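Trainee: Here is a sequence with its predicted model. Questions after.
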Amino acid sequence: MTRNGLKKKILLGVAAALAVVAVILVIKWKEASDHGGQQPAEPFRIAGNFYYVGANDVTSFLLTGPEGHVLIDGGYPGTAPMIMASIAKLGFKITDVKVLLNSHAHFDHAGGLAALQKASGAELWVSEGDADIVAAGGAGEPGLGPFRFISYVPLLRYPAPRVDHRFKDGATIRLGPIELTAHVTAGHTPGCTSWSFPVRDGDRELHVVHICSLTLPLALSLGEYPGIRADFERSFRTLRSLPVDIWVTSHAREFGRYRKFSERARVADPVAPFIDPDGYLRYINSAELRFRKLLADKQR
Ligand SMILES: [Zn+2]
């Protein structure tokens, strides 16, 4: 190896080590700080049997039914008590939650699942692509590309829940009259799952889509896990094909929860601000634009 080559390697090593420390500090800060999206937030009914029970930014949703409830996402490890308090505040019991679902295996959405599972006794369903990662408390997530080893750092793992069921794209999960369809919209994580389900609100039936996440992972720009581009292409197509009245995502700011929530007070129909098929398409369009731009920049 030439002297220059060695120098380059050492510099790269130092840069990688600094990056690791920086990522650890940022994640820890994010988790600890209120700005990480886990300030308590007011729980409320979105429509019919569909409720918001998440924190100020990391979301959780409750679908209630006569044979038990379904809870989507557990926030950070520290969000679980807030979710339980929100469920209680709405007059429901955590022990009636029979099914736990997850959008994806990241710390801020799967971190509280173990505590919620313990409190409820519910069975957890995770897509095949994310199941091993969730069962390992986040270890092995490929989104960090060459920095994937960071996900194995014990300090950065979340309490691992028990994964009771693994499913494939298109699976249906039923609990009494509640029925959700799983759409594996991979890319952000390998098993990133969007959910679609009907909600009966008075005499109307509304189509709800919970988008997993379309945020581009570091892996896409730094080094890719096999098939990540094709995954994103397919995810955009899948999401565009779904009928939608109400849409939500794993981060509240992305679907305009604050704006929609405050609009409720000013209109006769409190569900109306959440009926937003245009916003749904705008969200997909802007994510796809970022994706295309990144690919174009990489070509240069
Ligand atoms: Zn994520």
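Mentor: Structure received. Numbers count the residues shown, from 1 in each chain.

Trainee: Run through the helices of the stretch 51-200 of the chain in chain order.
Mentor: Counting by DSSP state H, counting those that start in this stretch, the stretch 51-200 of the chain has helices at residues 80-89, 107-110, 113-120, 128-135.

Trainee: Kindly reformat the ones you listed as JSON lines containing mean pLDDT, distance to Ile72 and mean neighbour count.
Mentor: Quick note: C-beta positions are derived from backbone N, CA and C, even for glycine. Converted to JSON lines, the helices of the stretch 51-200 of the chain look like this (pLDDT from 0 to 100; distance: least, C-beta to C-beta, whole Å; neighbours: other C-beta atoms under 10 Å):
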{"stretch": "helix 80-89", "mean pLDDT": "97", "distance to Ile72": "11", "mean neighbour count": "20"}
{"stretch": "helix 107-110", "mean pLDDT": "94", "distance to Ile72": "9", "mean neighbour count": "27"}
{"stretch": "helix 113-120", "mean pLDDT": "98", "distance to Ile72": "11", "mean neighbour count": "21"}
{"stretch": "helix 128-135", "mean pLDDT": "98", "distance to Ile72": "14", "mean neighbour count": "21"}
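
Trainee: Kindly reformat those as JSON lines containing distance to Gly223.
Mentor: Shown next, in JSON lines, are the helices of the stretch 51-200 of the chain (distance: least, C-beta to C-beta, whole Å):
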{"stretch": "helix 80-89", "distance to Gly223": "33"}
{"stretch": "helix 107-110", "distance to Gly223": "21"}
{"stretch": "helix 113-120", "distance to Gly223": "29"}
{"stretch": "helix 128-135", "distance to Gly223": "18"}
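
Trainee: how about the ones you listed, which one is nearest Ser213?
Mentor: helix 107-110 (8.3 Å; C-beta to C-beta).

Trainee: ok, and for stretch 288-300, which residues are buried?
Mentor: The neighbour-count check on stretch 288-300 (16 or more other C-beta atoms under 10 Å) flags Glu288, Phe291 as buried.

Trainee: gap between it and the chain center?
Mentor: Relative to its parent chain, stretch 288-300 has a centroid offset of 23 Å by C-alpha atoms, centre = their mean, to the nearest Å.

Trainee: Stretch 273-287 too?
Mentor: Its chain's average C-alpha position is 17 Å from that of stretch 273-287, according to C-alpha atoms, centre = their mean.

Trainee: again with stretch 171-180
Mentor: For stretch 171-180 - counting by C-alpha atoms, centre = their mean - the centre lies 19 Å from the chain centre.

Trainee: what comes up buried for it?
Mentor: For stretch 171-180, a neighbour-count test (16+ other C-beta under 10 Å) marks Ala171, Ile173, Leu175, Ile178, Leu180 as buried.

Trainee: Low-confidence regions, the stretch 101-250 of the chain specifically.
Mentor: For the stretch 101-250 of the chain, no stretch is flagged by pLDDT under 70.
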